[in-house]
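Chemist: Predicted model and sequence follow; I will ask about them next.
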Amino acid sequence: LNAIHDKEKTIQQWNPAMIPFDLYPLGTTTAVNDLAAMNGFAKTVDVAYKFSAGRPLWMVIQTFGSRMGARVPIPAEIRTMAYLSVAHGAKGIFYFLYNSDSQLEKLSGLDQNKDQFTEVAKLSLELKKLAPVILKLTRTDNIAALTLGKGDIQSFVDDKKIKYLVLVNADAATAQELKFAVTLDPAAKTKISKSIDLKTNKPLAKPQLTPELATFSITLPPGDGTILRVE
């Protein structure tokens, strides 16, 4: 599917086992590291996730350029799109590369765009490692908000109701220190004292605590993302 905004009834009538959704935000006039383009990408993934209505959502993300108005993403932009997809509910990623010339595409082989292919290989290994967690996650209302940095944060629970956050540095050009505050419920005596980065299996530094908030900090490379377990 593409142009998702008018597809809700089609999905209901079709009733597929999964939803694959193509979303290519980078045109030839889109600047490298366009934060507005990535913000629009995330909001559109939200629409696809809503319309999927519990079906697994697989995002088909842009790794190509074409003579029809798309440019090749830099590697960090591919990474940003992949982690934003996971943050907004996707269970899988297709990395789309045209392999025909039926639509005036810019054809690419394994000997071209080497940096992009290297990034896709690296991302695939990372997401494979994280897949056992990703596949058990269910989106919830957001329990966290960014207080510093250009990024995106979304909240999940697993089948045991353990809380998770998917955090993305949306800046594909610069490493970002991202601070985020997790909301606590004093009445329920909610306590969160630890956040573990599942890519490194290491805890973040101890949070700043108030009765209402636990504030953590992490620095992510350009365009990078991670999954955090909060306890």
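Modeler: Everything's here; your move. Numbering: from 1, shown residues only.
Chemist: Sketch out the strands for the protein, chain order is fine.
Modeler: Here the chain has its strands, by DSSP state E, at 19-23, 57-62, 92-96, 138-139, 144-148, 151-157, 163-169, 176-183, 195-197, 202-203, 208-209, 213-220, 225-230.
Chemist: other SSEs contacting the last one?
Modeler: Under the contact criterion of 3 or more C-beta pairs under 8 Å, 6 or more residues apart in numbering; DSSP states H and E, the helices and strands touching strand 225-230 comprise helix 75-87, helix 114-134, strand 163-169, strand 195-197, strand 213-220. For glycine as for every other residue, the C-beta is placed from the backbone atoms N, C-alpha and C.
Chemist: Could you dump the ones you listed into CSV and include distance to Leu178?
Modeler: Compiled in CSV, those are given as follows (distance: least, C-beta to C-beta, whole Å):
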stretch, distance to Leu178
helix 75-87, 12
helix 114-134, 18
strand 163-169, 6
strand 195-197, 12
strand 213-220, 6
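Chemist: low-confidence ranges in this structure?
Modeler: Applying pLDDT under 70 to the chain picks out residues 98-111, 188-190.
Chemist: Distance check, the spatially closest residue to Val168 that is not a sequence neighbour against Ala187.
Modeler: Sequence neighbours aside, Gly225 is the residue nearest to Val168 in space, at 4.0 Å (criterion: C-beta to C-beta, 6 or more residues apart in numbering). Computed as C-beta to C-beta, to the nearest Å, the Gly225 to Ala187 distance reads 33 Å.
Chemist: ok, those two, which is more surrounded?
Modeler: Gly225 (26 against 6; other C-beta atoms under 10 Å).
Chemist: re the thing from before, between the helices and strands packed on strand 225-230, which one is closest to Ala31.
Modeler: helix 75-87 (10.8 Å; C-beta to C-beta).
Chemist: Determine the set of other helices and strands touching the closest one.
Modeler: Packed next to helix 75-87, using 3+ C-beta pairs under 8 Å, 6+ apart, are helix 35-52, strand 57-62, strand 92-96, helix 114-134, strand 151-157, strand 163-169, strand 225-230.
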